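Chemist: Next one to model:
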Amino acid sequence: MAPEPFRRTNRAEPPPAAAPAVVLELTGRSWIEVLDSSGAFKVNGTFDRGFRRAFDGQPPYRVAIGNFEAARLLVDGKPMDLRPHFNGRLVRLTLDPREPQPR
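Modeler: Numbering: from 1, shown residues only. A predicted model of the protein is given here:
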């Protein structure tokens, strides 16, 4: 008896899990720069109180914030502590919302 020929199944691979949502909100005037992993600017400029932007593009994101005390960065709805990333002038960090700690 001959072995059965190899059969291809049409099982689709599950889509990769979506990265948690990242949102930036301002309570005062601040300079912001956000680039995605391709180097494309997602946000770049000085914005006023009330500014709110959800990140799009591919993580990880490179983030720089001028007046970080007027900014809230929310990852999956939870505020992130920006103080450890403050270098005396700016907050600078690389953020991949799929990883537990930003760099």
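
Chemist: The residue lying closest to Arg29 once chain neighbours are set aside and Met80, how far apart?
Modeler: In this structure, Arg29 finds its nearest non-sequential neighbour in Asp48, 5.2 Å apart by Cβ to Cβ, 6 or more residues apart in numbering. All C-beta atoms are positioned from the backbone trio N, CA, C, and that covers glycine. Using Cβ to Cβ, to the nearest Å, Asp48 is found at 21 Å from Met80.

Chemist: These two: who's more crowded?
Modeler: More crowded of Asp48 and Met80, by other Cβ atoms under 10 Å: Met80, with 20 against 10.

Chemist: Go ahead and confirm the more buried one touches Leu73.
Modeler: Yes: if you go by Cβ atoms under 8 Å, Met80 and Leu73 touch, sitting 4.6 Å apart.

Chemist: Overlap of the contact sets of the two?
Modeler: Common contact partners of Met80 and Leu73 (Cβ atoms under 8 Å, 6 or more residues apart in numbering): Leu95.

Chemist: how about low-confidence regions in the protein?
Modeler: Scanning the chain for pLDDT under 70 picks out 1-18, 101-102.

Chemist: what about the strands in it?
Modeler: Assignment of strands within the chain using DSSP state E yields the ranges 22-26, 30-35, 41-47, 52-54, 61-65, 71-75, 78-79, 91-95.

Chemist: Could you check how far the longest one is from the centre of its chain?
Modeler: What that stands for is strand 41-47. Centre-to-centre, strand 41-47 and its host chain are 14 Å apart (Cα atoms, centre = their mean, to the nearest Å).

Chemist: Same question for stretch 67-79.
Modeler: Its chain's C-alpha centre and that of stretch 67-79 lie 11 Å apart, by Cα atoms, centre = their mean.

Chemist: Pro100 versus Ile32, what's the distance?
Modeler: Noted for Ile32: a distance of 24 Å to Pro100, by Cβ to Cβ.
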